[in-house]
Structures are given as structure tokens and as C-alpha cells.
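Asker: need a 3D model of the following:
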Amino acid sequence: MAGSHKNAERPRGAGTLTEQPRVAPTLEKSPTGISGFDEITNGGVPQGRPTIVCGGPGCGKTMFALEFLVRGAMQYHEPGVLMTFEETTDEMTKNVASLGFDLRELEAQKKLFMDYVRVEPTEIQETGEYDLEGLFVRLQHAVDSIGAKRVVLDTLEAVFSGFANSGLLRAEIRRLFRWLKDRGLTTVVTAEKGDGTLTRYGLEEYVSDCVVFLDHRVNDQVSTRRMRVIKYRGSSHGADEYPFLIDEQGLSVLPVSAMKLNHAVFNERVSSGIPDLDAMLEGKGYYRGSSILVSGTSGSGKSSTAAHFAEQTCREGKRCLYVAFEESQAQAVRNMGSVGIDLETPIKKGLLRFEAWRPTQNGLEMHLLRIHKLVEEHQPDVVIIDPVTNLTVGTINEMHSTLMRLIDFLKSRGTTALLTSLMGKDRDLEQTEVGISSLIDTWIFLRDVELNGERNRCLYVLKSRGMAHSNQVREFVMSKEGVQLLPVYVGAGTVLTGSARLSQEARERAEEQSRQLQTEQKRKELERRRAAVEAQIDVLRSQLAEDEDRLKQVMQEEEGRKQQVDEEAAAMSKIRRVESAGNGRNALAEGA
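Answerer: The predicted model follows:
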């Protein structure tokens, strides 16, 4: 009772073990439709609040703002207002036409309202009572005309270029942002990067709810664009730098921190296209959704192994994306045709997408983004990168990070990835040029063997997770019928290949023939001996039969003689009995 009394008297707010946790209200967001950005910000920009997009010239601020506006009108049914202060509406329309955006068409459909406001600092007569009432009136008219939900102001500096009084400037910037907030307009405002600050005036980033910083940098003559969400009030967001790409489809952002080790695994196997290699992998091939690395020295057959896998994938009716950094499509089709691999047919059928470009054409992030976009477009079951070691446009750490993100991206989709890697002759076989061996599920190594003035190829499986793979070293032979792995052939403690193998095989065939000849000679000698023995046996049997016949004859003669003796004895006995009886009668007669 005492315990229950204490619980009853506990003041409100003290908390108990049975209290339900409070659920914080979530911030409403407006999706931008920009690939990757909504993932970074967990939904887009804050709804009904202003967002600053700042950066230096050429970084993509205006393109970001326009895509936010156009995709909002086309995909999310939110009409928008585009108010420009530097470029006319005609110039804006032409600038985004290459992206497939028709601003005039959207304007005709009442989904977009465009207004160009000419601002000349020399014409502005600044007084203590000057404000932005005229801008608010035009903006309100534009919003009411189409029922706008989104607004883009490009750029902020042009609006306030005539203000010299910093106090008045700050007050008007706050007033503009408050006016937009009060009307619940989701706004993107572009701003130029300042000297040591994110924006020119150093104030905009403090009064806005979300700040996105865009950067266009050039390293070693290779340009890259990066994006970073500096702040986002009331919401968690990715705080890293993210590479982004501007192409004919607009902006694409790659969220580098979104990849986690929670991808699904598959027990299904996919053939490598080389039956002998499948036999080394439990006779079944690779795991679906796994990562495969085929590394080796130059000319060892890496591309041929990859092409076999591509052909086999398409032969099964699946889709394959082949990204090449060394050969064009026509060159690859011709070269692979010489070893019996047909790439032209699946390309014509649309099953094989072959993309080739120089690795120095873009930075690492651009390569990665381009592959992402190709994967999204083609939806392949298999992706082949040939070779990854050509991506030498960054540091080893950057290459490792890029390839790790690529592998994680493909695994998250259940896509089987095969990467080829060029190895130097003097490198440790347990390491790769880009340090990704630990990320790989199956590692196949191709190397040259120099013996007796020849270079021949050998293949072996360094590792293959989840299966009992072969530990044999197989000779790798390319012919018009494709790739073949010859059976293991060991001599004098080493694997024999090429002419050494042929010579050893010839010697062993000669030795085998000699042994067979000797065996045949011994067999014939034994047959002759057997025949002689059997002949002797026949003679002995004949002699034995003759002896048996003579014995039988003797026995028969002896039997005849015995019978004759018995007959003579019987006759003699009979005669004696007759004579004895006659003598008896004579004696009786004389006595009488």
C-alpha cells in the first residue's frame, strides 16, 4: 500500500517506466526531383521555407533552381514562379532547352510564371525609407496568377546590389525571407559565394532554413562538381561532400554515405561462360550479385574472360552493361570475334550495352555518376568494368573510395559485377593496384609463365567466398573456339605450359609407346610359351592315352588268360571227378 501511495503522489512530468516516448513532429519537405539530392536531405527542401543555393560562377546554382521549379510543376503538380534579375526569360528558356525542359510550354499550361526584373544599381535612389514593396507586389501577383507553391529568385545579389547601408540591407533580407515564409512558399534563392563567406553579404545563410553549397573545382586539369548541405533546420541530413553531374538529363547527385552493408545475398549461380572455369568454382560459376575481380598482367586474357561472361549473360536472355576504358565498341567486337566471342549479336538485340570513354575525360566522381546513370537506364543483371586500374585521375584513397561505392551500389541492386585489373610484374600477387581485393568476393588471377623462351598464360582462383573453389593452376589457352583451361600438368615441381608441355607430352607418349611395345612383346612370348607348353601337354596326354590303351589291352589279355585258366581248371576238375567215380565202381566189382 505504501508503494502504491508513493506512485499515486508522484508529480506530473516526473516520468515513469510505463510512459510512452514523445514523438517529435517531422518537418514537412518538398521533393526537388533531383536524383540523389532528395535522398541526401531525407525528402527534399523544407516546405514553405526559403533555401539558399550558393557557390561560385559555373557551379550550377541556376540549373539546380530551375530543375527544382520544373520538376515540381511536372512531377509534383506544384506550380512555380521564376523571377530572374540577371538573365531574361528568353535566355533562361534557351539555357534549359538542352535538358528537355520547355519553359514556354509550362507557362502556357499555367504551371510556370516567369518574370524578369531589371535592376540597375545606379538608378536606385537609396533613402532611409527605401524598401522592397515593389518586388513584393510583383511577386504576389505572379503567385496569385497560377496558384504557385514554389518560387525561385535568381540571384539574390542583384536584388540588393544598390544597397550601401548594411543595416538596411540586413533588415530587407530578413523581411524578404519572412514574407516568403508567411505565405508558405517553398523557395530556392541563388546566391554568389562571398570572400571568406558562403554568400556575398554573409547574412543570407543565417536567416535561411536550408543552405546548399555548390563547388566547381579543377584538379590536375580535371573538373569536378561537389555539393554540400551546410545546414538544415529541423531535419537531419547528409553532411558530406557529394559529387554531382550536370548532363542532358539535369542534375544527378551521388550520395556517398548512403551505402550500407545490408545488401541481400543470393544462392543462385551464374556461369562465367567458360566451362572449365565454372568447373573450378564447384562446377556452378559465380554467385549472383557478387563482385568478381579478374586481375593479371598485360595481355594475359582479362578482357577475353570478361567478354565471355558478357556473352554468356546475354545468351541466357539477361542484360549486361560493359564499360570499357581502353577499346571502342567496334574494336572490342572485332577483337573478341577472333577468339570465338560474339558481342555484336547481343548489342543488336539490346541485351548488351557497350559504353566506352577515356578515363581522363572526367574525374572519379563523374565516372561513378555516369555508371550510376547507365545502370538506372539499362537495368543490367551484370556490369563489367574493363579495367578499373585505368581510373588514375585521383589518389589511391580516392580510387578505393570510388570503387567501394560502386561495388556497394551494385550489390545493393543484386547486380553481379566483374572488374578487370592490370597488375605489374613486380607487384605482390596478394595486392591490387587500387587496393580493393578485400572488397571482392571472387578473385581470379591471370599471369604469364616464361619457360624455354616462351610466354604462356596460367589461371588460378586466389579466393572465392562461400564455395570450395579449386586450388589448381590451369593453363589458359585462347583459340577460335574461345578460352580453354587445360588440365593441370606438372613436371619437375612446376607447371608445364606451351612447348615445354608439348615436349613433355611427346616424351611421355614415346615412353608409353615403348612400354606398350615391351608389354606386347612379353605378351607374345608368353603366348608362344603357352602354346609350347600346351603342345607338350598334348604330347603327354597322347602318350598317356597310349599307355592307358596298352594297360587296358594288357588287362584285357590278363583277364582272358585268367578266364581260360579258370575254364581249364574247371574242365580238369570235371575230368577228375569222372575218373574218380569210375575207379570206385571197379573196386566194388572186384570185391564182389
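Asker: which residues does Arg49 contact?
Answerer: When contacts are counted by CB atoms under 8 Å, 6 or more residues apart in numbering, Arg49 touches Leu180, Lys181, Thr186, Thr187, Ser208, Asp209, Cys210, Arg233. For glycine as for every other residue, the C-beta is placed from the backbone atoms N, C-alpha and C.
Asker: try 10 Å this time
Answerer: Counting by CB atoms under 10 Å, 6 or more residues apart in numbering, Arg49 touches 27-30, 177, 180-181, 184-187, 208-210, 233-234.
Asker: enumerate every residue touching the spatially most central residue of the chain.
Answerer: Centroid check for the chain by CA atoms, centre = their mean gives Ala417 as the closest residue, at 1.4 Å. Ala417 is in contact with 286, 289-293, 321, 380, 382-385, 403, 406-407, 409-411, 440-441, counting by CB under 10 Å, 6+ apart.
Asker: what's the following helix or strand after the helix or strand where it lies?
Answerer: Assigned by DSSP states H and E, Ala417 falls within strand 416-422. Per DSSP H and E, strand 416-422 leads on to strand 442-451 as the next helix or strand towards the C-terminus.
Asker: mind listing what the very next helix or strand once past that next one pairs with, with the direction of each?
Answerer: Sequence-wise, the next helix or strand downstream of strand 442-451 (DSSP H and E) is strand 454-464. Paired with strand 454-464 in the same sheet, following DSSP bridges, are strand 442-451 (antiparallel), strand 474-479 (antiparallel).
Asker: ok, Glu377 touching Arg353?
Answerer: Yes. Assessed by CB atoms under 10 Å, Glu377 is found in contact with Arg353 at 8.1 Å.
Asker: now do the shared contacts for these two.
Answerer: Leu321.
Asker: these two - which one has more neighbours?
Answerer: Arg353 (20 against 11; other CB atoms under 10 Å).
Asker: what pairs with the more buried one across the strands?
Answerer: Going by DSSP bridges, Arg353 forms beta bridges with Leu321.
Asker: so what's it up against?
Answerer: Going by CB under 10 Å, 6+ apart, the list of residues near Arg353 reads 319-323, 329, 346-347, 374-375, 377-380, 383.
Asker: what's around Leu439, how many residues?
Answerer: 18.
Asker: pLDDT at it, what is it?
Answerer: Among the per-residue scores, Leu439 shows a pLDDT of 81.
Asker: with Asp195 instead?
Answerer: 67.
Asker: also Leu169?
Answerer: pLDDT, Leu169: 69.
Asker: neighbouring strands - and their directions - for the strand holding Ala417?
Answerer: Strand 416-422 is paired, per DSSP bridges, with strand 291-296 (parallel), strand 382-386 (parallel).
Asker: show the subsequent helix or strand relative to the shortest one.
Answerer: In other words, strand 382-386. Next element after strand 382-386 (DSSP H and E): helix 396-412.
Asker: distance between that next one and the chain's centre?
Answerer: Computed by CA atoms, centre = their mean, to the nearest Å, the separation of helix 396-412 from the middle of its chain amounts to 11 Å.
Asker: mind listing what's buried in it?
Answerer: Across helix 396-412, burial judged by 16 or more other CB atoms under 10 Å covers 398-412.
Asker: now, which of these sits nearest Gly250?
Answerer: When the buried residues of helix 396-412 are compared for distance to Gly250 (CB to CB), Phe409 wins out at 19.8 Å.
Asker: now Val229: closest residue in space that isn't a chain neighbour?
Answerer: The shortest distance from Val229 to any non-neighbouring residue, by CB to CB, 6 or more residues apart in numbering, is to His237 (4.8 Å).
Asker: can you give me the domain assignment for this protein?
Answerer: With domains defined by automatic domain parsing, the chain comprises 25-253, 269-488.
Asker: can you give me the strands in the stretch 101-250 of the chain?
Answerer: 112-116, 150-154, 186-192, 210-219, 222-232, 242-247, 250-253 (DSSP state E, counting those that start in this stretch).
Asker: among those, which is nearest Leu391?
Answerer: strand 222-232 (11.3 Å).
Asker: sheet-wise, list the partners of that closest one with their directions.
Answerer: strand 210-219 (antiparallel), strand 242-247 (antiparallel).
Asker: most neighbours per residue, which of the ones you listed?
Answerer: strand 242-247 (a mean of 21; mean count of other CB atoms under 10 Å).
Asker: and the angle for it with helix 396-412?
Answerer: 70 degrees (axes from the mean of the first three to the mean of the last three CA atoms, to 10 degrees).
Asker: can I get the strands paired with strand 222-232 in a markdown table with mean pLDDT and distance to Leu112?
Answerer: As requested, these are exported to a markdown table (pLDDT from 0 to 100; distance: least, CB to CB, whole Å):
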| stretch | mean pLDDT | distance to Leu112 |
| --- | --- | --- |
| strand 210-219 | 86 | 22 |
| strand 242-247 | 81 | 21 |
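Asker: count the residues that sit near Tyr322.
Answerer: With other CB under 10 Å as criterion, Tyr322 counts 27.
Asker: got the contact list for it?
Answerer: Contacts of Tyr322 by CB under 10 Å, 6+ apart are 303, 306-307, 309-310, 313, 329, 332, 343, 346-347, 352-356, 380, 382-386, 418.
Asker: weed out the non-buried ones from those.
Answerer: Here, 16+ other CB under 10 Å leaves 303, 306-307, 309-310, 313, 329, 332, 343, 346-347, 352-354, 356, 380, 382-386, 418 buried among those.
Asker: quick check: mean pLDDT of the strand holding Ala417?
Answerer: Rounded mean pLDDT across strand 416-422 is 91.
Asker: ditto for stretch 370-386
Answerer: pLDDT averaged over stretch 370-386 gives 91.
Asker: distance between the ends of it?
Answerer: With CA to CA, to the nearest Å applied, stretch 370-386 spans 15 Å between its terminal residues.
Asker: ditto for stretch 439-459
Answerer: In stretch 439-459, first residue to last residue: 21 Å (CA to CA).
Asker: list the buried residues for it?
Answerer: Under 16+ other CB under 10 Å, the buried positions of stretch 439-459 are 439-449, 456-459.
Asker: just to revisit the earlier point, let me have the domains of the chain in CSV, extended by distance to Ala510.
Answerer: Formatted as CSV, these follow (distance: least, CB to CB, whole Å):
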stretch, distance to Ala510
domain 25-253, 61
domain 269-488, 19
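Asker: out of these, point me to the one whose mean pLDDT is lowest.
Answerer: domain 25-253 (a mean of 82).
Asker: any idea how many residues pack against the residue nearest to Val229?
Answerer: 16.
Asker: just to check, it is in contact with Asn42?
Answerer: Yes. The criterion here is CB under 10 Å, and His237 meets it with Asn42 at 6.4 Å.
Asker: next one: phi and psi at the residue nearest to Val229?
Answerer: phi -160, psi 160 (degrees, to the nearest 10).
Asker: and it, how far is that from Ile440?
Answerer: As for His237, its distance to Ile440 is 32 Å (criterion: CB to CB, to the nearest Å).
Asker: swap in Asp215?
Answerer: Relative to Ile440, and taking CB to CB, Asp215 is found at 33 Å.
Asker: so which of the strands of the stretch 101-250 of the chain is nearest Ser464?
Answerer: Of those, nearest to Ser464 by CB to CB is strand 242-247, at 32.5 Å.
Asker: so how far is the closest one off the chain centroid?
Answerer: 23 Å.
Asker: pull the CA atoms of that strand into CSV?
Answerer: This file holds the C-alpha atoms of strand 242-247, laid out as CSV (Å, rounded to 0.1, in the frame of the first residue of the first chain):
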residue,chain,number,x,y,z
TYR,A,242,28.7,14.8,-52.7
PRO,A,243,29.8,14.8,-56.3
PHE,A,244,27.1,15.8,-58.8
LEU,A,245,26.8,15.8,-62.5
ILE,A,246,25.1,18.1,-65.0
ASP,A,247,24.2,16.4,-68.3
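Asker: how far off strand 454-464 does the longest helix along the chain point, in degrees?
Answerer: Assignment by DSSP state H gives helix 498-591 as the longest helix of the chain. For helix 498-591 against strand 454-464, the angle by the same axes, to 10 degrees is 80 degrees.
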